[in-house]
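J.: predicted model and sequence follow; I will ask about them next.
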Amino acid sequence: MSEPLADRMKRFTPEGAALDRDALLFNAGRASVRPGHGWKLFALSLVFSQVATLGLLWPRPAPRTSPSLIQPPQQPAEPSSPPPSFDPSEWLVLNHRASVAAETDFPPTMSAGPLVPDEPALSVSTFIPE
């Protein structure tokens, strides 16, 4: 039979004049590029949206008002008569009436029953099997 394939391949020598490795890789890279320019349009739309947002949110100066439009503060009105003074005995009478009303006007309190359940509280040991 003939020689094994590996021995035959060892005897081959490449011919360097006909094949330019750099040109081949450069042409392969140019052929792999997609011709679409959609990403440029997308990036441009992002730029315009950021500029529009900046224009809408930019702080504007407060409107200026002329000095003639500002009203001077009005003077507080003078009280026509002094506030009435109360007799301390009146306060005692009002306090007594309020305490008597508090004792008689409210319904009697009702018992809410036990606020704590009768069963024992849960503990960690109830969940751990022995």
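T.: Looks like it arrived, so ask away. Numbering: from 1, shown residues only.
J.: alpha carbons of the helix or strand hosting Ala6, in CSV - could you do that?
T.: According to DSSP states H and E, Ala6 maps onto helix 5-10. Output of helix 5-10 as CSV, limited to C-alpha atoms (Å, rounded to 0.1, in the frame of the first residue of the first chain):
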residue,chain,number,x,y,z
LEU,A,5,-1.1,10.4,4.8
ALA,A,6,0.9,12.1,7.5
ASP,A,7,4.2,11.2,5.8
ARG,A,8,3.0,12.6,2.5
MET,A,9,1.9,15.8,4.2
LYS,A,10,5.3,16.3,5.8
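J.: for the record, mean pLDDT for it?
T.: Averaged across helix 5-10, the pLDDT comes to 87.
J.: buried sites along whatever helix or strand comes next after it?
T.: Next along the chain after helix 5-10, taking DSSP H and E as the criterion, comes helix 21-32. Buried residues in helix 21-32, counted by 16 or more other CB atoms under 10 Å: none are found. To be clear about C-beta, it is placed using only N, CA and C from the backbone, and glycine gets the same treatment.
J.: output the contacting helices and strands for the longest helix seen in the chain.
T.: If you go by DSSP state H, the chain has its longest helix at helix 38-57. Using 3 or more CB pairs under 8 Å, 6 or more residues apart in numbering; DSSP states H and E as the contact test, no helix or strand touches helix 38-57.
J.: and the pLDDT for Ser85?
T.: The model's pLDDT for Ser85 equals 69.
J.: for Ile70, same thing?
T.: For Ile70, pLDDT reads 63.
J.: could you do Thr126 as well?
T.: pLDDT, read off for Thr126, is 64.
J.: I'd like the average pLDDT over the strand or helix carrying Ala98.
T.: Element membership of Ala98, judged by DSSP H and E, is helix 88-105. Mean pLDDT, helix 88-105: 74.
J.: could you do stretch 57-67 as well?
T.: 77.
J.: and if you look at stretch 24-42?
T.: Stretch 24-42 comes out at a mean pLDDT of 87.
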